[in-house]
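S.K.: A predicted structure for the sequence below; I have some questions about it.
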Amino acid sequence: MTDVLPFDQSPDIDRFIRWRRLLHSHPETAFEEVRTAAFVAERLRDFGLDPVTGIGHTGVMARIEGRGEGPVIAIRADMDALPLDECQSRPHRSRVESRMHACGHDGHTAILLGAAEQLAARRDFRGEVVLVFQPAEEGHAGARAMLEDPHWAEFGIQRIYGLHNWPDLPLGKFAVLADACMASSDTFEFVLKGSGGHAAFPHRSPDVPGVTAQLAVALGSLARRIAAPTDPLVITVTQIHTGTASNIIPAEARVGGTVRCLNESLRDRVEAELDALGGAFAAMHGLAGEYRYTRQYPVTVNDPEAASELRRAALAVPGLQEAESIEPSMGAEDFSFFLQALPGAYLWLGTRDPAHLSPLHSCQYDFNDAALPLGVALWVELVRQLLGRAPATMRMTS
Ligand SMILES: [Zn+2]
Ligand SMILES: [Zn+2]
């Protein structure tokens, strides 16, 4: 029975935990993942692979060639940490000031290393598995940087898969949505400009703070007017800046915030509607105005077929069960850039248990090591199902 990739039922979990905790204690943020990338590359060489470093600045990629022709699939792990001080004293706590693995990317990296070790040792599959260790997921579009790197295309990737640990789901549960699963994330800023003047003579200067306040209130109710109630849209004002003293009418004010939604055509509409609203307010009150809308991360949209492949693999992993019902998240994820370029899918891996209740991005958060073997088993099983010697039969028997 060599046509099925044997899954190692007793992987060295202690080693995965050591890797994960070592990464946790040495966090690095966007495009500074130099030590992390070196650690990853070193492990990949230990497994007999030939990693390419510096892809998208600090990303690492490596091929695991199977035996014989077949599809080329990629599995991605993000490697970056957050600019945050860890506020728990645990043995593997961050040793770097203002740096912390508070989103569990240390766990994602350890999982992909664990899967790489098993896959590289066996190679009992057709085609190729490309390992993608990505930098700068947290707000700096490391995925886009990798896609724009000339080396990316050389790997010939046909599909891509990723996961994120998910403290909203209990340990042992997973979820894969068949369509949009995470929101786009954009920012907006309006600058309203008047002439400024003495506060004792408001009839001589445009009321920049008053108009700004009205604009902020109007923005608060705009989402309801643009999107159907069934089509989630978040427009949140997060910043209002103006004024320096109680006796000066300021000449300028800024209003900024974030926009999140789950479909790209709605995203286009919001951008245009915000522009029109800001312009109308400025014109109505005799102010000059500037408007900036900055597109950050697109909507994360799973390919239905890839999502069903990933789901089927997860269902075959001992200890993993599908979550009953789950809604898309209004959080954003730069795996979305990969999914714009390639079909693929993204899975949430539950991590919550009594000792792991902190949300992502909390200074108390720590990746749940019990999820490591589940993640490793998921990737190994996905490769077995997609690139095993009889994939056509397997696809027929779902
Ligand atoms: Zn995060
Ligand atoms: Zn994350």
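M.R.: Received it, and whenever you're ready, just let me know what you need. Numbering: from 1, shown residues only. Ligands and ions are numbered 1, 2, ... in the order given.
S.K.: can you give me the helices for the chain?
M.R.: 13-25, 34-46, 105-122, 142-148, 150-154, 208-226, 264-284, 304-315, 335-341, 372-387, 391-396 (DSSP state H).
S.K.: Of all these, which one is nearest Ser94?
M.R.: helix 13-25 (6.2 Å; Cβ to Cβ). In this view, the C-beta of every residue, glycine as well, is placed from N, C-alpha and C.
S.K.: could you list every residue that touches the nearest residue to Gly142 once chain neighbours are set aside?
M.R.: With sequence-adjacent residues excluded and distances taken as Cβ to Cβ, 6 or more residues apart in numbering, Gly142 is closest to Ala136, at 3.0 Å. Shown in contact with Ala136 (Cβ atoms under 8 Å, 6 or more residues apart in numbering): Thr29, Ala30, Phe31, Glu33, Gly56, His57, Thr58, Asp80, Gly142, Ala145, Asp334.
S.K.: Make a ChimeraX selection of the buried ones in those.
M.R.: Listed next is the ChimeraX selection for buried residues among the contacts of Ala136, using 16 or more other Cβ atoms under 10 Å:
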select :29,30,31,33,56,57,58,80,142,145,334
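S.K.: Helix 105-122 and the lengthiest strand in the chain, what's the angle between them?
M.R.: As assigned by DSSP state E, the longest strand anywhere in the chain is strand 159-170. If you take axes from the mean of the first three to the mean of the last three Cα atoms, to 10 degrees, strand 159-170 sits at 130 degrees to helix 105-122.
S.K.: list the helices and strands strand 159-170 packs on?
M.R.: strand 72-78, helix 105-122, helix 304-315, helix 335-341, strand 344-352, helix 372-387 (3 or more Cβ pairs under 8 Å, 6 or more residues apart in numbering; DSSP states H and E).
S.K.: Could you provide these in TSV, with additional columns for distance to Pro91 and mean pLDDT?
M.R.: Supplementary listing: the helices and strands packed on strand 159-170 in TSV, determined by distance: least, Cβ to Cβ, whole Å; pLDDT from 0 to 100:
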stretch	distance to Pro91	mean pLDDT
strand 72-78	23	98
helix 105-122	14	96
helix 304-315	31	98
helix 335-341	31	98
strand 344-352	19	98
helix 372-387	17	97
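S.K.: With pLDDT and distance to Pro318 added, can I get the contacts of Ala136 in TSV?
M.R.: Shown next, in TSV, are the contacts of Ala136 (pLDDT from 0 to 100; distance: Cβ to Cβ, whole Å):
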residue	pLDDT	distance to Pro318
Thr29	98	36
Ala30	97	36
Phe31	98	38
Glu33	97	33
Gly56	98	35
His57	98	38
Thr58	98	35
Asp80	98	31
Gly142	98	33
Ala145	98	37
Asp334	97	31
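S.K.: and which of the contacts of Ala136 is nearest to Gly66?
M.R.: Gly56 (25.3 Å).
S.K.: okay if I get the helices of the chain as JSON lines plus distance to Glu97?
M.R.: Listed next are the helices of the chain as JSON lines, based on distance: least, Cβ to Cβ, whole Å:
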{"stretch": "helix 13-25", "distance to Glu97": "13"}
{"stretch": "helix 34-46", "distance to Glu97": "15"}
{"stretch": "helix 105-122", "distance to Glu97": "17"}
{"stretch": "helix 142-148", "distance to Glu97": "22"}
{"stretch": "helix 150-154", "distance to Glu97": "33"}
{"stretch": "helix 208-226", "distance to Glu97": "36"}
{"stretch": "helix 264-284", "distance to Glu97": "37"}
{"stretch": "helix 304-315", "distance to Glu97": "38"}
{"stretch": "helix 335-341", "distance to Glu97": "29"}
{"stretch": "helix 372-387", "distance to Glu97": "27"}
{"stretch": "helix 391-396", "distance to Glu97": "49"}
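S.K.: These: which one's closest to Asp353?
M.R.: Per Cβ to Cβ, nearest to Asp353 of those: helix 372-387, 12.4 Å.
S.K.: Which strand residues bridge Ile160?
M.R.: Note on Ile160: beta-bridge partners by DSSP bridges are Ala74, Gly344.
S.K.: re earlier: for Ala251, which of the helices of the chain is the nearest?
M.R.: Nearest to Ala251, of those and by Cβ to Cβ, is helix 208-226 at 6.6 Å.
S.K.: which residues are contacting stretch 143-158?
M.R.: Under Cβ under 8 Å, 6+ apart, the answer for stretch 143-158 is 31, 52, 55-57, 59, 61, 63, 71-74, 76, 130, 132, 134-137, 334-338, 341-343.
S.K.: what about the residue nearest to Glu273 when sequence neighbours are not counted, neighbour count?
M.R.: Once flanking residues are discounted, Glu273 sits nearest to Ile226: 5.5 Å by Cβ to Cβ, 6+ apart. Neighbour count for Ile226, taken as other Cβ atoms under 10 Å: 16.
S.K.: ok, now the one 10 residues further on?
M.R.: Residues lying near Thr236 (other Cβ under 10 Å) number 12.
S.K.: How about Pro150?
M.R.: By the measure other Cβ under 10 Å, the count of residues near Pro150 is 7.
S.K.: Can you give me the distance of it to Val34?
M.R.: Distance from Pro150 to Val34, counting by Cβ to Cβ, to the nearest Å: 21 Å.
S.K.: re earlier: would you list the contacts of Ala136 in a markdown table and tack on distance to Met182?
M.R.: As requested, those are arranged in a markdown table below (distance: Cβ to Cβ, whole Å):
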| residue | distance to Met182 |
| --- | --- |
| Thr29 | 21 |
| Ala30 | 19 |
| Phe31 | 22 |
| Glu33 | 22 |
| Gly56 | 20 |
| His57 | 23 |
| Thr58 | 23 |
| Asp80 | 17 |
| Gly142 | 16 |
| Ala145 | 19 |
| Asp334 | 10 |
